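Student: sequence and computational prediction follow.
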Amino acid sequence: MELFEAIAARHSYRGKYQPEPVPREDLQRIMEAGLAAPSGCNKQTTSLIAVDDPALLSEIYGIMDSFCSTAPAVICVTTKRIVAYKDGWGNDRCYGVQDYSAAIENMLLAITALGYASCWIEGHVTDADEQGKRIAELLQVPEDEALICVLPVGRPAEEMKLVRKKPFDMRARFA
Ligand SMILES: Cc1cc2nc3c(=O)[nH]c(=O)nc-3n(C[C@H](O)[C@H](O)[C@H](O)COP(=O)(O)O)c2cc1C
């Protein structure tokens with residue numbers, strides 16, 4: 001799929017998934033797309049864990065209690081607090097959020113380009129119920145990394161529901 005087609009075709013998918021496993025080479029390609037994203041001062045603060053083992057997946061879905069629990073694979077996104085530089089006042093500047101956001105968008109586009117569906121699931125993962133912390137423990141994520149997002153991956157079994165976007169002119173202009 002051409003890049004602009006993938007950008008236009010990407011939508012958050014919250015329906016059921018087809019049960020067929022996602023080949024590991026596809027999961028690898030998707031993760032490589034994520035890791036190819038830019039990162040502030042090239043600190044590469046984002047790490048990824050793909051899970052396709054059904055037993056492990058059902059433990060994750062038990063923690064998440066989410067609409068994505070039929071997906072045959074997930075990619076978990078972790079971030080590590082690494083200081084990029086100190087600003088003029090001596091404050092630490094960290095770009096972890098920007099870094100993982102760039103990585104996630106690259107992966108969502110790669111997922112779309114390969115014909116799969118997904119959704120950026122961060123809300124409950126990082127909220128007070130700390131699902132991310134429990135999934136991190138399950139996946140033995142090092143203590144200095146936080147698990148902040150889960151991306152389901154699989155072929156959609158239902159129609160994609162589209163949200164309405166504000167028109168171009170309301171959000172972008174030429175100066
Ligand atoms: C930082 C961030 C966190 C998000 N967290 C969730 C989430 O926890 N659950 C969910 O269903 N969608 C989540 N989304 C998806 C948004 O709801 C979705 O992108 C938005 O409604 C626009 O729809 P679209 O992705 O189809 O363009 C998140 C998106 C972003 C960028």
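Tutor: Structure received.

Student: can you give me the helices in this structure?
Tutor: 3-9, 24-35, 54-64, 96-113, 123-126, 131-138, 168-171 (DSSP state H).

Student: could those be laid out in JSON lines, adding mean neighbour count?
Tutor: Where C-beta positions appear, they are placed from N, C-alpha and C, glycine not excepted. What follows is these, written out as JSON lines (neighbours: other C-beta atoms under 10 Å):
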{"stretch": "helix 3-9", "mean neighbour count": "12"}
{"stretch": "helix 24-35", "mean neighbour count": "17"}
{"stretch": "helix 54-64", "mean neighbour count": "15"}
{"stretch": "helix 96-113", "mean neighbour count": "21"}
{"stretch": "helix 123-126", "mean neighbour count": "17"}
{"stretch": "helix 131-138", "mean neighbour count": "19"}
{"stretch": "helix 168-171", "mean neighbour count": "8"}
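
Student: which of the ones you listed sits closest to the ligand?
Tutor: helix 123-126 (2.9 Å; C-beta to the nearest ligand atom).

Student: so for the closest one, mean pLDDT?
Tutor: Helix 123-126 shows a mean pLDDT of 92.

Student: and if you look at stretch 162-175?
Tutor: 97.

Student: list the buried residues in it.
Tutor: Within stretch 162-175, no residue counts as buried by 16 or more other C-beta atoms under 10 Å.

Student: and stretch 78-94, by the same measure?
Tutor: For stretch 78-94, using 16+ other C-beta under 10 Å, the buried residues are 78-80, 82, 84, 94.

Student: so it, near the ligand or not?
Tutor: No - Stretch 78-94 stays clear of the ligand (C-beta under 6 Å from any ligand atom), getting no nearer than 12.5 Å.

Student: got the end-to-end distance for that stretch?
Tutor: 15 Å (C-alpha to C-alpha, to the nearest Å).

Student: quick check, distance from that stretch to the centre of its chain.
Tutor: 23 Å (C-alpha atoms, centre = their mean, to the nearest Å).

Student: and for stretch 32-46?
Tutor: With C-alpha atoms, centre = their mean as the basis, stretch 32-46 stands 13 Å off its chain's centre.

Student: in it, what's buried?
Tutor: For stretch 32-46, using 16+ other C-beta under 10 Å, the buried residues are 33-34, 37, 39-40, 43, 45-46.

Student: so which of the buried residues of stretch 78-94 sit within strands?
Tutor: 78-80 (DSSP state E).

Student: the ligand contacts on the chain?
Tutor: 11-12, 14, 119-123, 163.

Student: now those residues: which count as buried?
Tutor: Counted by 16+ other C-beta under 10 Å, the residues of the chain next to the ligand give 11, 14, 119-122 as buried.

Student: this completes my enquiry, with thanks.
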